[in-house]
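Chemist: Give me a 3D structure for the following:
(2 chains)
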Amino acid sequence: MSFRIPIGPYHPALEEPYKLELVCDGETVRDAVMNVGFNFRGIEYLAERRNYLQGITLVERVCGICSNVHSLSYCQAVEQLIGAEPPERALYIRVILAELERLHSHLLWSGVAAKLIGFKTIFMACFTLRERVMDTLSAISGNRVNYGMNCIGGVNRDIADPQAVLNILDELEREIAHTILPIFLHDRSVEARCKGVGILTTEQAQAMGAVGPLARASGIGQDIRKSAPYCAYDRLEFNVPVETTCDVRARLVVHSLEMVESCRILRQALRALPAGPICAKMPSVGRLKVPAGTAISRAEAPRGEVLYQITSDGTDIPSRVRVRTPTFMNMATVRYAVIGQELADSPLIQASCDPCYSCTDR
Amino acid sequence: MNTAPENFVQTLQELGLGGGWEWKNGSWWKTPEAMDVRASAGQMIALKARFVTITSMEQPDKEIRLDYQWDLQGQLLSFTTATAKQRIPTIADLTPAADWVERETREYLGIEFTGRESTEPLMTRAGDPIGINLHKEVVK
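Modeler: Predicted coordinates:
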């Protein structure tokens, strides 16, 4: 006899709402129906009724974890429309912010994954490290969540003391290498808990348009930082970790190795931070003229590709702002990953997709 | 700023995607005179392109412009077409990645994707009005 188990939309341990209905045959999941939209705020609607400068503040609030990548993508699209070229120093600062954001997002995910695996010591270790990253972001930007760093033509604040960030990076790199990597890459209990669980095949990931670490853990080696470089990524050396076992363990491995690569990018960017201005000369507020046209900006958020398409009709308010977030594509894959799995594994499988419902619902 | 890779137009032609491609502001664009969205989707799937999204926007003639976006070898391709009487065939049966996108596009701009078994709301709830993002501020 099969029965349906409704989970959500409100969860005691997760701030973001979504609903999953699992159709089970005994302890085995036979199908799943995902319901989203509980956090729908009409961001696209709102962005088409605000001017370009107000839009930056608005889109940074699409997500509370990867807020920076939204304002970055928005600004990059507007810069294409008006033909603005941010100075080199601004491009490097944008990379530094983007990689610190990736680090704190991946540490958040690693902590949640560790807790669901049943390894609460690592949960605490991940969240302690994440605090260090957020302190660093706060020291640079003055904010812990919405950094307000990106502006059209560059960034709002400079990094006055790159050496101080490098010193913190030494500590972060050491802790990630000595505490997190050995557990996620080599611990036999973690391997036993995650190996073969929640498989999303390469074909399924491709068909669902999966992006980011989820796709890379399913054998799809795509990363916008490499395939369509933006900011200063084409001047920096880094690897894109790809795993082919397509299970929860592959997602652990990819996230872990990406943290190592983020540290590597940060070290290069901080050392090579060029001198000069942090923003191109731009018209003052209210005088920004955006010619008619359409521009698209893509960036690699912690969860994968973000796309902003902005269309201007020549006024100071965009006529269309399209926001395509990574979890919007990734979340529907949960259905494929849970089918045939144990009911008790479904929370770990859902979390392994690194969902963000604020991004999904917008 | 993201720039166009050299010789990609040649790659597109070699892959059978024809001419008429223009690189502009972050994407390769093609605006066929009469686009068969299903044939186009089938061609992209055969080339192992990744479906990215559909971006829709209102036009002065009250039809909706649709940009179908695919990632092919790391490059973004945008095929532009428009609805006819605010209807267009679905591609969700060809690529399941389009399912959620079509559902939210219907909610936002009131487009009907023909050929779907059902188009349940995604962001709104059953019974809510559709076309909630239309600029004319008139909800169907």
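
Chemist: contacting residues for the residue of chain B found nearest chain A?
Modeler: Across chain B, the shortest distance to chain A (CB to the nearest CB) belongs to residue B:74, at 2.7 Å. C-beta here means a position set from N, CA and C on the backbone, and glycine is covered the same way. Listed by CB atoms under 8 Å, 6 or more residues apart in numbering or on different chains, the contact set of residue B:74 reads A:222, A:224, A:226-228.

Chemist: Just give the closest residue to whatever residue of chain A ends up closest to chain B, not the sequence neighbours.
Modeler: With CB to the nearest CB as the measure, residue A:227 is the residue of chain A nearest to chain B, at 2.7 Å. Take residue A:227 and drop its neighbours on the chain: the residue closest to it by CB to CB, 6 or more residues apart in numbering or on different chains is residue B:74, 2.7 Å away.

Chemist: biggest helix in chain B, by residue count?
Modeler: Assignment by DSSP state H gives helix B:98-109 as the longest helix of chain B.

Chemist: returning to that earlier point: export the contacts of residue B:74 to CSV and tack on neighbour count and secondary structure?
Modeler: Formatted as CSV, the contacts of residue B:74 follow (neighbours: other CB atoms under 10 Å in any protein chain shown; DSSP: H, G, I helix; E, B strand; the rest coil):
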residue, neighbour count, secondary structure
A:222, 21, coil
A:224, 23, helix
A:226, 15, helix
A:227, 18, helix
A:228, 23, coil
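
Chemist: OK, contacts around residue 119?
Modeler: If you meant another chain, say so; for now it's chain A. A:183, A:189-190 are the contacts of residue A:119 under CB under 8 Å, 6+ apart.

Chemist: nope, chain B
Modeler: B:102-103, B:106, B:112-113.

Chemist: from those residues, which two are the most distant?
Modeler: Within the contacts of residue B:119, B:103 and B:112 form the most distant pair, 11.6 Å apart (CB to CB).

Chemist: Of the two, give the one with the bigger neighbour count.
Modeler: residue B:103 (21 against 16; other CB atoms under 10 Å in any protein chain shown).

Chemist: Run the contact check for the longest helix of chain B versus chain A.
Modeler: Yes. Using CB under 8 Å from any CB of the partner chain, we find that helix B:98-109 touches chain A at B:99-100, B:108.

Chemist: now, among those, which is nearest to residue A:16?
Modeler: Closest to residue A:16, out of all of the residues of helix B:98-109 next to chain A and judged by CB to CB, is residue B:100, at 17.0 Å.

Chemist: Would you confirm that the closest one contacts residue A:332?
Modeler: Yes. Here residue B:100 lies in contact with residue A:332, judged by CB atoms under 8 Å, at a distance of 5.8 Å.

Chemist: Sort out which residues of stretch A:171-183 are buried, please.
Modeler: Using 16 or more other CB atoms under 10 Å in any protein chain shown as the test for burial, stretch A:171-183 gives A:172-173, A:175-176, A:179-181, A:183.

Chemist: Quick check: closest non-adjacent residue to the most centrally placed residue in chain B.
Modeler: By CA atoms, centre = their mean, chain B has its centre lying nearest to residue B:68, at 2.4 Å. In space, not counting the residues next to it along the chain, residue B:68 is nearest to residue B:79; the distance is 4.5 Å by CB to CB, 6+ apart.

Chemist: same thing with residue A:86?
Modeler: Closest to residue A:86 by CB to CB, 6+ apart is residue A:154, at 4.3 Å.

Chemist: Relative to residue A:300, how far out is the one you found?
Modeler: 20 Å (CB to CB, to the nearest Å).

Chemist: Over to residue A:308?
Modeler: With CB to CB as the criterion, residue A:308 and residue A:300 are 13 Å apart.

Chemist: Neighbour count: those two, which is higher?
Modeler: Taking neighbours as other CB under 10 Å, residue A:308 and residue A:300 compare with residue A:308 leading, 29 against 25.

Chemist: Can you check my assumption that that one lies in a strand?
Modeler: Yes. The assignment for residue A:308 by DSSP: H, G, I helix; E, B strand; the rest coil puts it in a strand.

Chemist: Now do the same contact list for it.
Modeler: A:59, A:70, A:73-74, A:76-77, A:296-298, A:321-324.

Chemist: returning to that earlier point: tell me how far the very next helix or strand once past the longest helix of chain B is from the chain's mean position?
Modeler: Per DSSP states H and E, the first helix or strand lying C-terminal to helix B:98-109 is strand B:112-114. Here strand B:112-114 is found 13 Å from its chain centre; the criterion is CA atoms, centre = their mean, to the nearest Å.

Chemist: Which neighbouring elements make contact with strand B:112-114?
Modeler: Judged by 3 or more CB pairs under 8 Å, 6 or more residues apart in numbering or on different chains; DSSP states H and E, strand B:112-114 is in contact with strand B:87-89, helix B:98-109.

Chemist: ok, then the element right after the helix ranked longest in chain A?
Modeler: In chain A, assigned by DSSP H, the helix with the most residues is helix A:88-117. Per DSSP H and E, the first helix or strand lying C-terminal to helix A:88-117 is helix A:120-141.
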